[in-house]
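Engineer: pasting the sequence and the predicted coordinates here, then a few questions.
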Amino acid sequence: MRRLKLALQIIGGIVVVGVLILVGTTLLLNTNTVQDKVVDWSVDALKERLGTQVQVDSARVNLFNQKVELYGVGIEDQKQRKMLQIEKLSARAELMSLRHDEVKISDVSIKGCQALIVKNDSDLLPNYQFIIDSLKQKVAESVQPADKPKKKMKVDIDNISIDDVSVTYNGNLYHLGRLEYQQKADGTSVAEIRDVEVQWEALKKKGKVDNLAQVYRVLYYEKDGLRSVKLDSLRFRTDNHLPRKNHNKPKRGFFDVGHLDITAHLQIDISHADKDSVVAIVKGTARDTVTGIDLRNLSMRVCGNKQQVHLSDVMIQQGWTVLKFADADVQLPSKKEGRELRYATSTILGYVVLQDIAKPFAPVLSNFTLPLELMVKMEGDENSIKFSDVDINNSDSRLRILASGYITDLKDAHNLKVHFDVSHMFARGNSKENIIRQFPVKRLMMKQLHALGDISYVGQFDVLWKKEQFAGQLHTQVGDLDFMFTIDNADKYVFGAATTGNISVDKTFDMPNIGVASCQATFKVDISKPRTALMRQQLGGKLPIGVASIQVKEGQYKKIKIHDIAVDVNSNGAVAEGELKTHGHHIDLSCNFSFTSTDEMKKMKISHPGIKIHKLTPEDCQQKAEEKQHKKEEKETRKQQKQLEKEARKQERQQQ
C-alpha cells in the first residue's frame, strides 16, 4: 500500500503540473486548432525540461464550464521506458481564483492509467527521480527576491475520481479499480476506494512465494480532525507452490505461512495522526477456513510512532477462546537504527477452549472442549518468548497449574526449545481422566490412573526437535513417584525411569496380596503406529508394546516382607511375559508370570517357580558377619541407653 500511495502521489503531482500549464493558457484556447497548437507547444516545453519523450494526443478546454481534458498522455523515463500512460485526464478549475494565488479545482478525473516504477540495484536512482529534480529546479528558478514576501500557491481540489489504475513496481503489480474523493463545504472529507490488488514475489530458502493482497472496498471519512477508515474484505493469500506442511502428516495442523488465504474486515478510528505518531482504535475480524483461523473479534487502542507502539484494552477472540489484556508495549525493529523487535504485555486473562487451535496447530486437540481459565504475562523478541506468572485452572477448581517458561530459537525449527517449570499442579477427583478423554488416543491403564486419586506434581518439561522430555515428582494418594521420561518422535519410542519409596501396589494394580513397595524401574514403549499396527494385526491384544525392568528394594507379599527382587517384563501387545528373581543368602527364588490386561492383574498366571539352595559366598559370609556385628553393636547401645536412663531415674528419686 505504501508503494501504491507513492505512485498515486507522483501521478497527482503530474496532474497538478499539467493542470497549471493548461489553466495558464485557457483564455487563449477557443478553437480546436489553437488548442492543439498550444498543446504541442506545451508538450515540447515539457520535453525540453524533462529531457525525455512526452506525449499528449489531444486536449480540449471548455471556457464555459472551465473544464480541461487531456487524452492519450504518455511520459517515458530516461531509459525510454513507458513510465506513465493515461487514457483521459480531466479537471474543472475556477480560473478567477488565480488572482489570489490559488488554484481551485472542483473536479479531477483520471481514467485508464498505467505507471512503471523502477527502483533496484541496476538503477542508481528511481526512474521517476528526474521529474522530482525538474520540479525542484523550477521552484528554485522562481524564487522571489529576499526583500519580497514569499507567496505559496494554494491548490484546493474538491472532487477526485480515478478509474482503472495499474502500477508496476520492480516487477510487482498494483491495481486500483476506482477511487472517489469528495471534500464538502462543511469541511467533511469522504473517500471510497474499490478493487485494490497487489501482487508480488518473495524469495525464501525453499523457493519462490507468490503473494496477493486485495481489498474490495475502503471507506474513508474525516471531519473536525477525526478520521475513520473501514476496510471490507481485505484478503491476503500466499502460495509457495509446495505441498502443505501437514501433507501426509495428520498430527500436524493446517497453518502454513506458505499457504494462507485470509479474509479480514477492519474498522480503524483515528483520533490523532501526523508524520510522527498516530492514535487509533482498531476493530475487526479475520478468517481462513482452510487453516482454521477464526478471529471472531479483535479490538485494541493503538498509540505509536516510528520507534514504538503502545497497545491498550486489547481483546482477541479465536473461535470461543477469548484473551484480554490491559496494556502491551512493542518496540518496532529498524535495521538502519540498529533496533530489534521487543514486546511485553501486562497480565493476559483468558477463557480458553483448546479445540479452537486444533485445526491450525494441533489436531490432537480436536475434541478438547473442556474450558480453561488462563492468566499469563508475556515478553520477548523476534527469536524468543518468555512466559511468567502462568496460572491455568478449570471452572470447578479441580485442576490448577502454576508455571513459568520460555521458547527460544523461534527462527530455527531444529534448535527450537520450549521449556516450562511447573511449580505447582494438582488434579482432584476424576479431572485427570476427563483431560485424557479429550484426546483422540488409545486409553491405556485408565483404571490405574483412577486408582491414584488426587494427584499433585512439581517438575519441568522440554519440547525439542522431534523430542519431548518430562521430569518431576508426582504425589498421589497411593504413593509418591519421581520420574523422568522422553517421547522420541524420530524413532517413535517412549522411554524413561521412575523411582518410588512407598507405592501401594495393591491399590494401584488391584493385587490384594501385595502391599506397599519401594522400587525403581526403567521402561521403553513402542509408539510407532505402523509397527504396533502390524503387531496387533498378527497377535491382537490391548497391552502396550515394550519392555520394563523393575528393582524392588522392599515389599510385602501377604504378611511376608520381601526385598531385593528383580522383575523383567516384555510385552508384545497381546501378552506380557515376565520373570521375577530374588537372591538370598542360602536360597534364590524365581518364577515366570504373564498377563493379558492391566485392568485384571490379579488374574496373572504364575509358572515355573524355582528354588535354588547354595552355600554362602565369601562376600555373603562377610556381609553376614557385618550384619551380626551391627546387630550386636545395636544391642549393646540399647543396653547402655537403658542403664543411663535407669541411673537418671535413680538420681531423680534421691533428689526428691
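Structural biologist: Thanks, I have it.
Engineer: wait, what's in contact with the residue lying closest to N393 once chain neighbours are set aside?
Structural biologist: The shortest distance from N393 to any non-neighbouring residue, by CB to CB, 6 or more residues apart in numbering, is to R400 (4.2 Å). (Glycine included, C-beta is placed from N, CA and C.) Counting by CB atoms under 8 Å, 6 or more residues apart in numbering, R400 touches D391, I392, N393, H424, M425, F426.
Engineer: from those, which would you call buried?
Structural biologist: For the contacts of R400, a burial check counting by 16 or more other CB atoms under 10 Å picks out I392, N393, M425, F426.
Engineer: among those, which are in strands?
Structural biologist: Within the buried ones among the contacts of R400, residues falling in strands by DSSP state E are I392, N393, M425, F426.
Engineer: mind putting these into a markdown table with pLDDT and distance to Q629?
Structural biologist: Converted to a markdown table, those look like this (pLDDT from 0 to 100; distance: CB to CB, whole Å):
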| residue | pLDDT | distance to Q629 |
| --- | --- | --- |
| I392 | 93 | 56 |
| N393 | 92 | 57 |
| M425 | 89 | 48 |
| F426 | 88 | 48 |
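Engineer: and these, which is closest to F483?
Structural biologist: Distance to F483, by CB to CB, is smallest for M425 among those, at 13.8 Å.
Engineer: quick one: that closest one and V458 touch, right?
Structural biologist: Yes. Here M425 reaches V458: they are 7.3 Å apart, a contact under CB atoms under 8 Å.
Engineer: where is the longest helix in the protein?
Structural biologist: helix 618-655 (DSSP state H).
Engineer: pLDDT of that one, averaged?
Structural biologist: On average, the pLDDT along helix 618-655 is 76.
Engineer: circling back: work out for me the element the residue nearest to N393 sits within.
Structural biologist: strand 399-408 (DSSP states H and E).
Engineer: that older thread, farthest-separated two in the buried ones among the contacts of R400?
Structural biologist: Maximum distance among those (CB to CB): 11.5 Å, for I392 and F426.
Engineer: identify the contacts common to the two.
Structural biologist: Both I392 and F426 are in contact with L399, R400, where contact means CB under 8 Å, 6+ apart.
Engineer: who touches I157 in this structure?
Structural biologist: Contact partners of I157, counting by CB under 8 Å, 6+ apart, are I105, S106, V108, Y181, Q183.
Engineer: quick check, nearest of those to A286?
Structural biologist: Y181 (27.7 Å).
Engineer: thought the closest one was touching N159?
Structural biologist: Yes. The criterion here is CB under 8 Å, and Y181 meets it with N159 at 6.6 Å.
Engineer: T188: how many residues sit nearby?
Structural biologist: 12 (other CB atoms under 10 Å).
Engineer: mind checking how far it is from V218?
Structural biologist: In this view, T188 and V218 are 17 Å apart by CB to CB, to the nearest Å.
Engineer: ditto for V56
Structural biologist: Distance, V56 to V218, by CB to CB: 31 Å.
Engineer: the more surrounded of these two?
Structural biologist: V56 (21 against 18).
Engineer: hmm, back to that, would you format the contacts of R400 as a markdown table with distance to M484 included?
Structural biologist: A markdown table is the format used below for the contacts of R400 (distance: CB to CB, whole Å):
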| residue | distance to M484 |
| --- | --- |
| D391 | 26 |
| I392 | 23 |
| N393 | 26 |
| H424 | 19 |
| M425 | 17 |
| F426 | 21 |
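Engineer: which of the residues you listed lies closest to L84?
Structural biologist: Nearest to L84 among those is I392, at 59.5 Å by CB to CB.
Engineer: separation between the closest one and A497?
Structural biologist: 28 Å.
Engineer: the helix or strand V61 falls within pairs with which strands, parallel or anti?
Structural biologist: Assigned by DSSP H and E, V61 belongs to strand 54-62. Sheet pairing of strand 54-62 (DSSP bridges) gives strand 67-76 (antiparallel).
Engineer: what's near enough to touch H608?
Structural biologist: Residues counted as contacts of H608 (CB under 8 Å, 6+ apart) are S590, C591, N592.
Engineer: please repeat the previous calculation with a cut-off of 6 Å.
Structural biologist: By CB atoms under 6 Å, 6 or more residues apart in numbering, the contact list for H608 reads N592.
Engineer: kindly report the same for I75.
Structural biologist: Applying CB under 6 Å, 6+ apart, the residues contacting I75 are V54, M83, L84.
Engineer: who does the helix or strand hosting the last one pair up with?
Structural biologist: If I follow you right, that is L84. Using DSSP H and E, L84 sits within strand 82-94. Partner strands and pairing direction for strand 82-94 (DSSP bridges) are strand 67-76 (antiparallel), strand 102-117 (antiparallel).
Engineer: what about stretch 484-504, distance to the chain center?
Structural biologist: The chain centre lies 30 Å from the centre of stretch 484-504; the measure is CA atoms, centre = their mean, to the nearest Å.
Engineer: stretch 463-472 too?
Structural biologist: 20 Å.
Engineer: re earlier: for the residue nearest to N393, give me the pLDDT.
Structural biologist: On pLDDT, R400 comes in at 91.
Engineer: ok, now how distant is it from F255?
Structural biologist: 29 Å.
Engineer: ditto for E647
Structural biologist: For E647, the distance to F255 - CB to CB - is 82 Å.
Engineer: those two: who's more crowded?
Structural biologist: More crowded of E647 and F255, by other CB under 10 Å: F255, with 20 against 10.
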